[in-house]
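**Student:** predicted model and sequence below, questions to follow.
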Amino acid sequence: MEDKPRYSRISDILDLLILMQSKVLGVTLSDIQKHFNISRRTAERMRDSVLAVLPQVNEIETNSREKHWGFTSNHIKEIVNFSNEEVANLENLQKYIQADSFQDKEKMLEKTISKIKTLQRKNNYISDNTIEMLLQTEGFAVKQAPKYKINLQFLEIIREALSKNKKINARYNDRERLLCPYGLIYGDKLYLICVDEKHGTEPYCYLMHKFTDIKLTEETFDKGDFDLDKYAKKSFGVYQGEIYNVKLLFKKEAEEDVLNYNFHPTQKVKQNQDGTITVTFKASGNKEIIWHLFKWGNLVKILAPASLRKEYEDYLKDVLKNIMPN
């Protein structure tokens, strides 16, 4: 008798089936490794376990060098359901983003929660009493964030423009502009990344709440090789500019917080023999770097670059002017 591959954690196998179903091109061994944080050998055993019992799982042809496995039709919808805890978690997330100025995300999440509840009630999986109890036992601290009203119809127009590479006619800061939208970035505010061809080819950040009119045109444009994710990671916050090789030194007292803190995707963290921590990263956005470092108080020192350190010193002097007697 042929030995069948074994992987004992049924819950992980079910999660893998759902992961396969959720991706049009299926999953690779690398995807399985990353999703479950396991070795390649364990990923192979999980895949083989699925293949042994479910002939509906096929190898999917792609242009990738890695092999993909998944479903070519909706075979597992009956085993996918949402728990009370998962729905409560989504409702908590909705509460969290209400503190920000992202009405579009909050409204979209509200619709998603309603659809999930409707589907789950048909199968008696949802208990409103249980969800309410879970919500009452978890909460969020007061969050300081800007609250700007954004026209949701403008966002619908922008998303259509982004999907079809179409230009928009917009009124921004009381000026008419013809813009090529490249993407939306969510930070402390909502930004539309655009190119105004009258002023060059470099993308610029426009604040969504400052648009007073947006109309879709039939004129198309070419984004070229623009990558929104790479663009966003160039800066410390949102705004682009000179790239700094930042080097920070934190006192020993900040060790636990710094070691568990994400400053920037390019960061490198080193624990020194005296207990201090050195953090380095490459990013633009001098003002946003300075504003962030201010909250670390006397626990941080800027080692490099000298220009950023000088700018920080000037910033602190300006702050002191507000509390020093004349």
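**Tutor:** Alright, I've got the coordinates.
**Student:** CA atoms for contacts and neighbours, from now on please.
**Tutor:** OK.
**Student:** quick one: His264 and Phe236 touch, right?
**Tutor:** Yes - the pair His264 and Phe236 passes the contact test of C-alpha atoms under 8 Å, sitting 6.6 Å apart.
**Student:** those two: who's more crowded?
**Tutor:** Phe236 (23 against 17; other C-alpha atoms under 10 Å).
**Student:** what about that one, distance to Phe294?
**Tutor:** Taking C-alpha to C-alpha, to the nearest Å as the measure, Phe236 and Phe294 are separated by 14 Å.
**Student:** for the stretch 1-150 of the chain, what spans make up the strands?
**Tutor:** Remark: strands assigned in the stretch 1-150 of the chain by DSSP state E, counting those that start in this stretch are 57-60, 68-71.
**Student:** and Asp229, that one's in a helix?
**Tutor:** Yes - counting by DSSP: H, G, I helix; E, B strand; the rest coil, Asp229 is part of a helix.
**Student:** I'd say Lys215 and Arg159 touch.
**Tutor:** No - Lys215 is not in contact with Arg159 according to C-alpha under 8 Å; the separation is 11.9 Å.
**Student:** give me the pLDDT for the nearest residue to Leu29 once chain neighbours are set aside.
**Tutor:** The spatially closest residue to Leu29, leaving aside those adjacent along the chain, is Ala43, at 6.0 Å (C-alpha to C-alpha, 6 or more residues apart in numbering). If you check Ala43, the pLDDT there is 89.
**Student:** just give the number of residues close to Ala43.
**Tutor:** Ala43 has 22 nearby residues by other C-alpha under 10 Å.
**Student:** got the contact list for it?
**Tutor:** Leu29, Ile32, Gln33 (C-alpha atoms under 8 Å, 6 or more residues apart in numbering).
**Student:** quick check: buried residues in stretch 234-253?
**Tutor:** 234-240, 244, 246-252 (16 or more other C-alpha atoms under 10 Å).
**Student:** so what's the gap between it and the chain middle?
**Tutor:** In terms of C-alpha atoms, centre = their mean, to the nearest Å, the centre of stretch 234-253 is found 19 Å from the chain centre.
**Student:** gap between the two ends of it?
**Tutor:** Using C-alpha to C-alpha, the end-to-end distance of stretch 234-253 comes out at 30 Å.
**Student:** same question for it, mean pLDDT?
**Tutor:** Here the average pLDDT along stretch 234-253 is 84.
**Student:** again, but for stretch 306-325
**Tutor:** 86.
**Student:** which residues touch that stretch?
**Tutor:** Stretch 306-325 has contacts (C-alpha under 8 Å, 6+ apart) with Asn286, Ile290, Ile302, Leu303.
**Student:** now stretch 165-177
**Tutor:** The list of residues contacting stretch 165-177 from outside it, by C-alpha under 8 Å, 6+ apart, reads 158, 161, 178-181, 196, 210-223.
**Student:** 6 Å - rerun?
**Tutor:** Contact with stretch 165-177 is made by 178-180, 210-217, 219-221, as judged by C-alpha atoms under 6 Å, 6 or more residues apart in numbering.
**Student:** just the contacts of stretch 306-325: which are in strands?
**Tutor:** Secondary structure assignment by DSSP state E places Ile302, Leu303 of those in strands.
**Student:** for the contacts of stretch 306-325, pick the one with the most neighbours.
**Tutor:** Neighbour-wise, the contacts of stretch 306-325 (other C-alpha under 10 Å) top out at Asn286, 22 neighbours.
**Student:** spatially nearest residue to that residue, not counting backbone neighbours?
**Tutor:** Closest to Asn286 by C-alpha to C-alpha, 6+ apart is Leu308, at 6.9 Å.
**Student:** got phi/psi on the residue nearest in space to the middle of the chain?
**Tutor:** Centroid-nearest residue in the chain: Tyr186, 8.2 Å away (criterion: C-alpha atoms, centre = their mean). When read as degrees, to the nearest 10, the backbone of Tyr186 gives phi -100, psi 120.
**Student:** can you check Ala306 too?
**Tutor:** Dihedral angles (degrees, to the nearest 10) for Ala306: phi -60, psi -40.
**Student:** can you report how many residues lie near it?
**Tutor:** Counted with other C-alpha under 10 Å, residues neighbouring Ala306 total 11.
**Student:** what about it, distance to Asp12?
**Tutor:** Ala306 is 51 Å from Asp12, by C-alpha to C-alpha.
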